[in-house]
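Chemist: Okay, sequence plus prediction incoming.
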Amino acid sequence: MNATEPLLVDPLLRVEDLEVSFGGNSVVRGISFTVNPGECLALVGESGSGKSVTARSLIGLAGPGSRVSATTLDVVGKDAKSFSQRNWRALRGKEVGLILQDALSSLDPLRTVGKEIDDALRLHTHGSGTKRAARVVELLAAVGLDDPVRRASQRSGELSGGMRQRALIASAIALDPRLIIADEPTTALDATIAASVMELLGELRQSGSGMLLISHDLATVASVADSIAVMQAGRIVERGPREQIFKDPQHPYTRALLAAVPAGKPRFTRLSPVSSEAQLLQIAPLAPETPRVTEGEVASLEAEGEVAAVVHPLLSARGLAKSFPLSKSVNFKAVRNVNFELLPGKTLGVVGESGSGKTTTARMALGLLPPDSGTVELLGEPWSQVPERARRSRRSSLGAVYQDPLSSFDPRLSAGAVLADALSFGQTRNPRAYTGRIKELLGLVGLTPEMAQRNPATLSGGQRQRLAIARALAPNPKVLICDEPVSALDVSVQAQVLDLLDELQQRLDLSYLFISHDLAVIRHMSDDVLVMRAGEVVESGATESVFTEPQHEYTRSLLAAAPPSLSSIGQ
């Protein structure tokens, strides 16, 4: 053999014509791909596309009632088409490592992390307890956990989200598996933690492990994947090297997924294709806006002979602080000295990692949580420092959209009754009393009148969030406080909801306090931004200024951890 020719290696995973069905309903159709040592194949698609079912079928975990068939199913050199459960148990963990999305539910909350990792070692090796304990500490250190001896003795509930995910990865790689399947391993994590987990997965791939990486987000896999397969409705619709998929996508679905990523898309740029929902809104072009200035700028403008309309903040905060007791003698300072102003028709983005104080700030702004110190003003009048009975007449000026709309709906109510409840301020839930307004609200958010009869539990994630927005709009508010409104949605559904919020803002002159841990979403949606860390605002200003010339080290670290813009891949 010529010395310059590459060495041929057998794939760690070879799949041809994989079919998976449940009760005669086919959910995966004709899937074929290979994964070689040291290679990462990313399987990308939205919820329901068949990604996770495919991944689980490859290791005998398709689930009860499933029927799995394939022309070829070779896993780490073994023909797995006729594997028994005993064969699968011998393979999983030792030869194939599985990393799931939700580490909190994957780890036993009653057992220590060390015991969880030790299980894999105990079941597949014959080392002594002392040797296994040393290996557990070694693994926890290898995945970047500080003080691994102490972490091994802690339960999953005592660890942060990023720590739990690293512990789960340590368990998956305990026996040095040759193939790793990672199913949405960073979806629930903040940007900096997600970046560190992806970096760790990249290191495992470079060490020679093959990897199948499952994700709904093309931007997330960009830093690790060598090649990408795009799934839609149970089929692979496009496959190719990473650079080709990002630079020259061939399938309309792939192009739609790429267009839906907000990174690098300017304010009010549409992320989703023009649809019937958008046409329902019939947004008229905005007229040129009169320059708006705050009261503090009036004097200098008058001195220069310039005339401008003075705009008062709709919602403002001064010196907000809030603590929660951890014990009789120790308080946790959740928010410290937070100040902001939200102007009419504008969006103020609030970004930061979990625990930074974003949601506590939002709850104080809504009047649902009293601050320990500081004040909130709504429409130029005191808000946080007055009793609820004094707030009641202005309560309709504020609306809220939450991350999980389903949990915020009364499960006994239809969608129409949910809106009737909001329209009547909780006095009556009879949709017939508000038929016209309910139809108008549903149309405003791109839902059909027939949706009023549906229970929210039967709606898709995007439809539920549209209903949540309609409920928030029912009393004709001037301000919407949006707390992680798209973080639980697939990228294309996220794009539709963000477009809807943009369109509603232009049509209704709404102001948004928009909270997210996703930097790309904040940049796309916001005119101004607050960056929060450990309860404090560490940086604030015009969005583009903060993103292009960050002044605080923490802001720079957040931006460095964000997934690359898709336009930069392959350059």
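Modeler: Thanks, I have the structure now. Note that the structure is a prediction, hence the values are computed from the model and not measured. Residues are numbered from 1 along each chain as shown.
Chemist: In contact with Ala172, which residues are there?
Modeler: By CB atoms under 8 Å, 6 or more residues apart in numbering, the residues touching Ala172 are Gly93, Gly97, Leu98, Ile99, Ile180. Just so you know, the C-beta spots here come from the backbone N, C-alpha and C atoms, and that holds for glycine as well.
Chemist: now Arg267
Modeler: His524, Met525, Ser526, Asp527, Thr543.
Chemist: what's around the residue lying closest to Glu353 once chain neighbours are set aside, how many residues?
Modeler: Closest residue to Glu353 apart from its sequence neighbours, by CB to CB, 6 or more residues apart in numbering: Asp190 at 4.0 Å. Other residues near Asp190 come to 20 when the count uses other CB atoms under 10 Å.
Chemist: cool, Leu480 as well?
Modeler: So Leu480, with other CB under 10 Å, has 23 neighbours.
Chemist: For Gly319, pull up the helix or strand it's in.
Modeler: Secondary-structure element containing Gly319, defined by DSSP states H and E: strand 315-325.
Chemist: Can you point out the buried residues in that strand?
Modeler: Leu315, Ser316, Ala317, Arg318, Leu320, Ala321, Lys322, Ser323 (16 or more other CB atoms under 10 Å).
Chemist: now do stretch 22-39
Modeler: So for stretch 22-39, counting by 16+ other CB under 10 Å, buried means Val27, Val28, Ile31, Phe33, Thr34, Val35, Asn36, Pro37, Gly38, Glu39.
Chemist: what do you get for stretch 83-98?
Modeler: For stretch 83-98, a neighbour-count test (16+ other CB under 10 Å) marks Phe83, Leu91, Arg92, Gly93, Lys94, Glu95, Val96, Gly97, Leu98 as buried.
Chemist: ok, the second one - contacts?
Modeler: To tie it back to what came earlier, the one meant is Leu91. Leu91 neighbours (CB under 8 Å, 6+ apart): Ile59, Gly60, Val75, Val76, Lys78, Ala80, Phe83.
Chemist: Give the ChimeraX command for selecting the buried subset of those.
Modeler: Applying 16+ other CB under 10 Å to those, the buried members can be selected in ChimeraX as follows:
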select :59,60,75,76,80,83
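Chemist: which pair in the contacts of Leu91 spans the largest distance?
Modeler: Gly60 and Val76 (13.1 Å; CB to CB).
Chemist: can you list the weak-confidence ranges in the stretch 451-571 of the chain?
Modeler: 565-571 (pLDDT under 70).
Chemist: which residues in it form helices?
Modeler: 461-473, 491-508, 519-525, 543-548, 553-561 (DSSP state H, counting those that start in this stretch).
Chemist: cool, and the stretch 251-400 of the chain?
Modeler: Ranges of helices within the stretch 251-400 of the chain are 252-260, 276-281, 298-303, 358-365, 388-391, based on DSSP H, counting those that start in this stretch.
Chemist: tell me which residues in the shortest one are buried?
Modeler: If I follow you right, that is helix 388-391. Arg391.
Chemist: how many other residues sit next to the closest residue to Val143 other than its chain neighbours?
Modeler: Spatial nearest neighbour of Val143, chain neighbours left out: Arg166 (4.3 Å); criterion: CB to CB, 6+ apart. Neighbour count of Arg166, defined by other CB under 10 Å: 25.
Chemist: Which strands border the strand holding Gly319, and is each parallel or antiparallel?
Modeler: strand 331-342 (antiparallel), strand 373-378 (antiparallel) (DSSP bridges).
Chemist: what angle do that strand and helix 358-365 make?
Modeler: 120 degrees (axes from the mean of the first three to the mean of the last three CA atoms, to 10 degrees).
Chemist: picking that back up, could you export the strands paired with strand 315-325 as CSV, including distance to Ala141?
Modeler: As requested, the strands paired with strand 315-325 are exported to CSV (distance: least, CB to CB, whole Å):
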stretch, distance to Ala141
strand 331-342, 29
strand 373-378, 42
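Chemist: any chance of those strands in CSV, plus mean neighbour count, mean pLDDT and distance to Asp176?
Modeler: Converted to CSV, the strands paired with strand 315-325 look like this (neighbours: other CB atoms under 10 Å; pLDDT from 0 to 100; distance: least, CB to CB, whole Å):
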stretch, mean neighbour count, mean pLDDT, distance to Asp176
strand 331-342, 18, 95, 40
strand 373-378, 18, 96, 53
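Chemist: For Gly210, find the nearest of those strands.
Modeler: Closest to Gly210 of the strands paired with strand 315-325 is strand 331-342 (CB to CB; 43.5 Å).
Chemist: Contacts only, for the residue nearest in space to the middle of the chain.
Modeler: Geometric centre of the chain, nearest residue: Ser487, 3.4 Å, by CA atoms, centre = their mean. The contact partners of Ser487, by CB under 8 Å, 6+ apart, come to Gln403, Ser516, His517, Asp518.
Chemist: Show me these that map onto strands.
Modeler: The strands, defined by DSSP state E, take in Ser516 from the contacts of Ser487.
Chemist: Now do the phi/psi pair for Leu212.
Modeler: Note on Leu212: its backbone torsions stand at phi -110, psi 110 [degrees, to the nearest 10].
Chemist: what's the pLDDT at Leu366?
Modeler: Predicted confidence (pLDDT) for Leu366: 95.
Chemist: so it sits right up against Asp483, yeah?
Modeler: No. Under the criterion of CB atoms under 8 Å, Leu366 makes no contact with Asp483, lying 9.2 Å away.
Chemist: sorry, back to before: now distance to Arg394 and pLDDT too, for the contacts of Ala172, in TSV please.
Modeler: Shown next, in TSV, are these (distance: CB to CB, whole Å; pLDDT from 0 to 100):
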residue	distance to Arg394	pLDDT
Gly93	58	86
Gly97	55	91
Leu98	52	90
Ile99	49	88
Ile180	54	94
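Chemist: which ones among those residues are found in strands?
Modeler: Among the contacts of Ala172, the members falling in strands (DSSP E) are Gly97, Leu98, Ile99, Ile180.
Chemist: Which two among the residues you listed are spaced furthest apart?
Modeler: Leu98 and Ile180 (7.9 Å).
Chemist: so what's Ile173 up against?
Modeler: Ile173 makes contacts with Gly97, Leu139, Ala142, Val143, Ile180, Leu204, Ser209, as judged by CB under 8 Å, 6+ apart.
Chemist: again, but for Leu379
Modeler: For Leu379, the contact set (CB under 8 Å, 6+ apart) comprises Leu314, Arg394, Ser397, Lys478.
Chemist: give me that answer again for 7 Å
Modeler: By CB atoms under 7 Å, 6 or more residues apart in numbering, the residues touching Leu379 are Leu314, Arg394, Ser397.
Chemist: Equivalent analysis for Val335, please.
Modeler: Contact analysis of Val335 by CB under 7 Å, 6+ apart lists Leu320, Ala321, Lys322, Gly357, Thr360, Thr361, Gly535.
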